[in-house]
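In: Kindly return the folded structure for what I paste below:
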Amino acid sequence: MILDPKEIEKKSMEIIDGRLHDMGLKLPFEYEHIVRRVIHTTADFDFAKNMCFVGEVSKVSLKNALIITDTNMTLAGISKPGIGRLSARADCYMAKEAVASEAKALGVTRAVVSVRHAIRENKEAAEGSMVYSVGNAPTALFELCDLIEKGFRPRLVIATPVGFVNVTEAKEAMAECCRIHDIPCIVAYGNKGGSTVAAAIINAMIYKEIES
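Out: Okay, here's the model as predicted:
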């Protein structure tokens with residue numbers, strides 16, 4: 001039995017690499033740390049096939065970034081020591097009372113309103129240093145697409161919502177929007193994704209940048 005956390009992770013990655021080799025899958029070198037971390041988190045090898053990287057994601061730094069998540073679960077899963085070392089910070093607007101009230105009044109999802117609040121209340125950060133992570137709510141991606149069309153320029157978009165309604169369409173729309181406007185974007189195509197996937201992506205980027 002392996003009890004040391006570092007040894008457990010090392011062994012896990014060795015198993016993942018072996019399985020990928022047996023499946024005949026070779027991950028892009030510049031993104032393998034992200035895909036391996038997602039597989040490690042989910043034990044789902046489909047992510048080796050359905051993850052797409054739009055634009056120059058490999059050049060994105062999380063230093064001094066403001067990471068906005070669409071769930072408190074993703075927020076909780078982000079390495080706090082890691083973002084601290086990169087002088088970054090993270091927040092989630094979904095549970096804020098003002099967001100809930102406005103969403104009810106407008107008849108839209110809290111995810112839509114949380115995007116608006118996050119950008120409006122962090123206007124300076126929104127101009128180039130905001131990383132927007134969506135692991136649950138596809139309506140947040142549609143709202144982000146609309147705001148990007150109007151001039152919003154995030155540093156990075158992570159599009160990994162999970163589910164069956166609006167999910168695949170939102171991911172495809174987000175990827176195309178980011179291609180058109182030259183915005184780095186990480187997408188998990190299909191129905192799979194989730195808050196844990198979003199957190200795994202962010203942590204993979206944090207660890208890689210700290211180690212570099």
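In: Now do the SS call for the closest residue to residue 142 other than its chain neighbours.
Out: Excluding the flanking residues, the one nearest residue 142 by Cβ to Cβ, 6 or more residues apart in numbering is residue 170, at 5.7 Å. The way it works is simple: take the backbone N, C-alpha and C, and place the C-beta from them, glycine included. Three-state call for residue 170 (DSSP: H, G, I helix; E, B strand; the rest coil): helix.
In: isn't residue 170 right up against residue 136?
Out: No - counting by Cβ atoms under 8 Å, residue 170 sits too far from residue 136 to count as a contact (11.2 Å).
In: Relative to residue 90, how far out is residue 65?
Out: Distance of residue 65 to residue 90, given as Cβ to Cβ, to the nearest Å: 9 Å.
In: Distance-wise, check residue 81 relative to residue 207.
Out: 11 Å.
In: send the alpha carbons of stretch 59-69 over as CSV?
Out: In CSV, the C-alpha atoms belonging to stretch 59-69 read as follows (Å, rounded to 0.1, in the frame of the first residue of the first chain):
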residue,chain,number,x,y,z
LYS,A,59,1.6,31.2,-23.4
VAL,A,60,-1.1,32.2,-20.9
SER,A,61,0.3,33.2,-17.4
LEU,A,62,-1.8,33.2,-14.3
LYS,A,63,0.4,35.7,-12.6
ASN,A,64,-1.6,38.6,-11.2
ALA,A,65,-4.8,37.0,-12.7
LEU,A,66,-8.3,37.4,-11.4
ILE,A,67,-9.9,33.9,-11.8
ILE,A,68,-13.7,34.0,-11.8
THR,A,69,-15.5,30.7,-11.4
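In: list the buried ones in it?
Out: Buried residues in stretch 59-69, counted by 16 or more other Cβ atoms under 10 Å: 60, 62, 65, 66, 67, 68, 69.
In: which other residues reach that stretch?
Out: 75, 78, 83, 86-93, 118, 122, 125-126, 129-133, 135, 155-156, 184, 195, 198, 202, 205-206, 209 (Cβ atoms under 8 Å, 6 or more residues apart in numbering).
In: Can you list the residue ranges for helices in this protein?
Out: 5-22, 32-42, 47-50, 72-77, 80-85, 97-106, 110-121, 123-126, 138-149, 167-181, 195-211 (DSSP state H).
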